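Trainee: what would the 3D arrangement of this be:
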Amino acid sequence: MCYFLYGAINDEINEADFERASKNFSYHFKTGRKDDVNNSVKNCLKDYRITLNHCDCDSPIGSGDVSNKELKDIEQFLINLKSVRGIKHIFLSKNWIQEINTKEENVHIDDIDIKDFLAKIEKNCLYKIEMYPKY
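Mentor: Predicted coordinates for the structure are as follows:
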């Protein structure tokens, strides 16, 4: 069996900005709500999977290995998303097949060490990463 990465980005983003921010990265977020992601997890659907991989067992996200070089790319991807007009948050979870999210956590992108956070996310937890500018 396998782990899978799921996620979504809020509605009402500037699509052109989003395309520019994500064009060189292999993570694919589509717009959606928390319920959309959780439904996809619960029913083992591909709708809100954020990779095109067969599975995400080898992903550095949730691996606990902060030194993994791929995390730098993912960190840059998230930093790029901050420039998307209309962005408010993204949802992210890593789930074992047929296991649902049993908890939720909210964080702000500016309040975390991104690489450390990504390496240490818990399985079966839906993270809401707030992306709006803090003033």
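Trainee: OK, contacts around the residue nearest to residue 87 when sequence neighbours are not counted?
Mentor: Spatially, and ignoring its direct neighbours in sequence, residue 87 is nearest to residue 131 (4.6 Å; C-beta to C-beta, 6 or more residues apart in numbering). Where you see a C-beta, it was placed from the backbone N, CA and C, and this is true even at glycine. Neighbouring residues of residue 131 by C-beta atoms under 8 Å, 6 or more residues apart in numbering: 81, 82, 84, 87, 88, 89, 90, 109.
Trainee: with residue 128 instead?
Mentor: Shown in contact with residue 128 (C-beta under 8 Å, 6+ apart): 34, 89, 90, 91, 104, 105, 106, 107.
Trainee: could you single out the nearest of the residues you listed to residue 23?
Mentor: Set against residue 23, the nearest of the contacts of residue 128 by C-beta to C-beta is residue 90 (16.7 Å).
Trainee: partners of the helix or strand hosting that closest one, with directions?
Mentor: Assigned by DSSP states H and E, residue 90 belongs to strand 89-96. Sheet pairing of strand 89-96 (DSSP bridges) gives strand 3-9 (antiparallel), strand 125-130 (antiparallel).
Trainee: with just CA atoms, put the longest helix seen in the chain into CSV.
Mentor: Of all the elements of type helix in the chain, the one with the most residues (DSSP state H) is helix 70-81. Only the C-alpha atoms of helix 70-81 are listed here, as CSV (Å, rounded to 0.1, in the frame of the first residue of the first chain):
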residue,chain,number,x,y,z
GLU,A,70,13.9,18.2,-2.8
LEU,A,71,12.5,20.2,0.1
LYS,A,72,14.3,23.3,-1.2
ASP,A,73,12.3,23.1,-4.4
ILE,A,74,9.0,22.6,-2.6
GLU,A,75,9.9,25.5,-0.3
GLN,A,76,10.5,27.7,-3.4
PHE,A,77,7.2,26.6,-4.9
LEU,A,78,5.3,27.7,-1.7
ILE,A,79,7.2,31.0,-1.6
ASN,A,80,6.2,31.6,-5.3
LEU,A,81,2.6,31.0,-4.4
